[in-house]
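Student: Show me the folded form of this:
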Amino acid sequence: MRARRRLRPGALVAIAILLAGMGWLFNSMADRYLTGTRQIPGSNWFGNPVPQDGPTPGYVWLGWARASQAPAGLRLEEPSDEGVAAGLRVGDILTHADGRALSAYGDLFRYYMESCRAGQSVIFGVQRGTRRFEVSIPLLPWLRSPADLGARYEQVAIRSGSGMMLRGWYLPPPQGGDGRAGVFAHGAKSSRFQGLRMAEHWLRHGFGLLLVDFSGRGESDGEHVTYGMNERKDVQAMLDWLRARPEVEPDKVVCFGTSNGAAAVLLAEAEQNQTAALALDAPFADLHAIGRETLRRSGYPELLAYPLELAVWLKSGLRVSRVRPVEAAARVRCPVLITHGTADDNVPPHHTREIVAARRGAGLPTEVWWIPEGEHGFDRYPPMDAYWDRVLGFYESIIGPPVPGGE
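Tutor: Modelled structure (predicted):
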């Protein structure tokens, strides 16, 4: 009878090290999946302090860039719309801003917040190959709160069904209006600030607006983005709070969600069915499918989705495979408008097609607006005025036009 071969101590150590390394890797991946930068009042995207008094600071986002050593500066990898409008291209190196050398975006945004005001221009030095030149680019307002829009607002705290306290801003409907109001549900790694720039469009159309940080974002309680598990309870709490306001007409409450916020809105409304109309931007149909697609796009095997989802569950309690907004979509009875960019590679357009098919198969009122060459999210669809006129016009087709005195 042959003797059973035993593993040598060195092999056992190697296996233990391999398993520990894999555990560390998936734990790190789960951390990145569940967390992100939390923008709160008083700081910008890079953690630089933002002055809370005085004129509105100015800024311009020129696109995704990485540090360059020769020459020193920021090399543009994907120029923004503002960058393209100024004549910038992929590969251009931003060497200075108003004579100040550039090495990191954080330094540039520190300069914006400390020295720049909305409406002024900054002169950027650019190197393209061997050519050097300068461009002057006007700055957009860095909105610190609804006060920078000249809007009335309240700071609010709302208890979510998840047990967490949510914090944000409430802009009441214009005086003399008919009490129409909406909830804005932001994206996974964003906060209430994502909706602040578009709030003026809602006010012009006679709407009040509730802008609140999801749990795990901004100033709200919680540590993790849960891609619908907690966010659906957050949306329900926001809608209930808004309907209870004496100046709001409950039958004229609507909701807008983008990306993860759109998925959360579907999940929430499928359980309540009390909202007049929904507009959803770039919703995902199936969270597990998004994870596989993201891994594949990043060059990783799709099978890694399973150990990653296990790590996510252990850290947060989120069961990725159970988050399927496509199933909820067939139970949402109110009219729904879905917008989606045809060039979106974060949430590929087939997710919207699946949601639309589910709703139309159930005979539910659904409109779709495809944004040609649009990337991920409404804040990357130009022009913003046309986008919000269409979305708010959709709401008005359901609840009626605004009262003239309330615009």
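Student: quick one, helices of this structure?
Tutor: Along the chain, counting by DSSP state H, helices occupy 9-34, 81-85, 105-115, 199-204, 231-243, 260-272, 287-297, 305-316, 325-329, 350-361, 384-399.
Student: what about the fifth one, average pLDDT?
Tutor: Helix 231-243 comes out with an average pLDDT of 98.
Student: Give the other helices and strands that that helix contacts.
Tutor: Applying 3 or more Cβ pairs under 8 Å, 6 or more residues apart in numbering; DSSP states H and E, one finds that helix 231-243 makes contact with strand 154-159, strand 165-171, strand 181-185, strand 208-212, strand 253-258, helix 260-272. Just so you know, the C-beta spots here come from the backbone N, C-alpha and C atoms, and that holds for glycine as well.
Student: Name the residues of the last one that come out as buried.
Tutor: Translated: helix 260-272. The neighbour-count check on helix 260-272 (16 or more other Cβ atoms under 10 Å) flags 260-270 as buried.
Student: looking at this structure, which helix or strand is least sure?
Tutor: helix 9-34 (a mean of 68; mean pLDDT, DSSP states H and E).
Student: Span of stretch 291-309 from start to end?
Tutor: One end of stretch 291-309 sits 9 Å from the other (Cα to Cα, to the nearest Å).
Student: which residues sit against it?
Tutor: By Cβ atoms under 8 Å, 6 or more residues apart in numbering, the surrounding residues in contact with stretch 291-309 are 22, 26, 29-30, 33, 288, 319-321, 345-346, 348.
Student: can you list the domains in this structure?
Tutor: 58-141, 146-406 (automatic domain parsing).
Student: TSV please, covering the helices of the chain and showing distance to residue 372.
Tutor: Listed next are those as TSV, based on distance: least, Cβ to Cβ, whole Å:
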stretch	distance to residue 372
helix 9-34	31
helix 81-85	14
helix 105-115	29
helix 199-204	21
helix 231-243	29
helix 260-272	20
helix 287-297	21
helix 305-316	31
helix 325-329	24
helix 350-361	14
helix 384-399	12
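Student: ranking those helices by mean pLDDT, which is last?
Tutor: For the helices of the chain, where the average pLDDT is lowest is helix 9-34, sitting at a mean of 68.
Student: returning to what we had before: let's have the helices and strands packed on helix 231-243 in TSV, adding distance to residue 43.
Tutor: TSV is the format used below for the helices and strands packed on helix 231-243 (distance: least, Cβ to Cβ, whole Å):
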stretch	distance to residue 43
strand 154-159	17
strand 165-171	15
strand 181-185	21
strand 208-212	17
strand 253-258	22
helix 260-272	22
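Student: Geometric centre of this protein: which residue is closest?
Tutor: Central residue of the chain (Cα atoms, centre = their mean): residue 187, 2.6 Å from the mean position.
Student: Identify the residues contacting that one.
Tutor: 194, 258-261, 377.
Student: where's it relative to residue 356, distance?
Tutor: 20 Å (Cβ to Cβ, to the nearest Å).
Student: Ok, residue 306 next?
Tutor: Taken as Cβ to Cβ, the span from residue 306 to residue 356 is 29 Å.
Student: Mind checking which of those two has more residues around it?
Tutor: Neighbour count, other Cβ atoms under 10 Å: between residue 306 and residue 356, residue 356 has more, with 20 against 13.
Student: returning to that earlier point: highest mean neighbour count out of the helices of the chain?
Tutor: With neighbours defined as mean count of other Cβ atoms under 10 Å, the helices of the chain peak in mean count at helix 260-272, which reaches a mean of 27.
Student: got the CA coordinates for that helix in PDB?
Tutor: The C-alpha trace of helix 260-272 is given here as PDB (Å, rounded to 0.1, in the frame of the first residue of the first chain):
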ATOM      1  CA  ASN A 260     -27.300  54.200  -9.000                       C
ATOM      2  CA  GLY A 261     -29.900  56.800  -7.900                       C
ATOM      3  CA  ALA A 262     -32.100  55.800 -10.900                       C
ATOM      4  CA  ALA A 263     -31.900  52.100  -9.800                       C
ATOM      5  CA  ALA A 264     -32.800  53.100  -6.200                       C
ATOM      6  CA  VAL A 265     -35.800  55.100  -7.400                       C
ATOM      7  CA  LEU A 266     -37.100  52.100  -9.300                       C
ATOM      8  CA  LEU A 267     -36.600  49.800  -6.300                       C
ATOM      9  CA  ALA A 268     -38.300  52.300  -4.000                       C
ATOM     10  CA  GLU A 269     -41.300  53.200  -6.100                       C
ATOM     11  CA  ALA A 270     -42.100  49.500  -6.800                       C
ATOM     12  CA  GLU A 271     -42.900  49.200  -3.100                       C
ATOM     13  CA  GLN A 272     -44.800  52.500  -2.800                       C
END
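Student: Pull the distance from it to the chain's centre.
Tutor: Relative to the chain's own centre, helix 260-272 is displaced by 15 Å; criterion: Cα atoms, centre = their mean, to the nearest Å.
Student: before we move on, what about stretch 309-323?
Tutor: Averaging C-alpha positions (Cα atoms, centre = their mean) puts stretch 309-323 21 Å from its chain's average.
Student: Endpoints of that stretch, how far apart?
Tutor: 12 Å.
Student: Stretch 34-46 now?
Tutor: Using Cα to Cα, one end of stretch 34-46 lies 19 Å from the other.
Student: Show me what that stretch is in contact with.
Tutor: 47, 49-50, 52, 59, 105-106, 109-110, 112-113, 142, 144-145, 188-191, 193, 216-219, 223-226, 312, 315-316, 318.
Student: Buried residues of that stretch, list them for me.
Tutor: 34-35, 38-41, 44.
Student: and which of these is nearest residue 138?
Tutor: Comparing those against residue 138 with Cβ to Cβ places residue 44 closest, at 18.6 Å.
Student: residues contacting residue 108?
Tutor: 74, 97, 102.
Student: and the residue nearest to the centre of the chain, backbone torsions?
Tutor: Residue 187 adopts backbone torsions of phi -80, psi 180, taken as degrees, to the nearest 10.
Student: Tell me the predicted confidence for it.
Tutor: For residue 187, pLDDT reads 95.
Student: Also residue 126?
Tutor: Residue 126 carries a pLDDT value of 97.
Student: and it, what are its bridge partners?
Tutor: residue 94, residue 133 (DSSP bridges).
Student: Give me the neighbour count for it.
Tutor: Residues contacting residue 126 under the criterion other Cβ under 10 Å number 20.
Student: I'd like to know how far it sits from residue 58.
Tutor: 19 Å.
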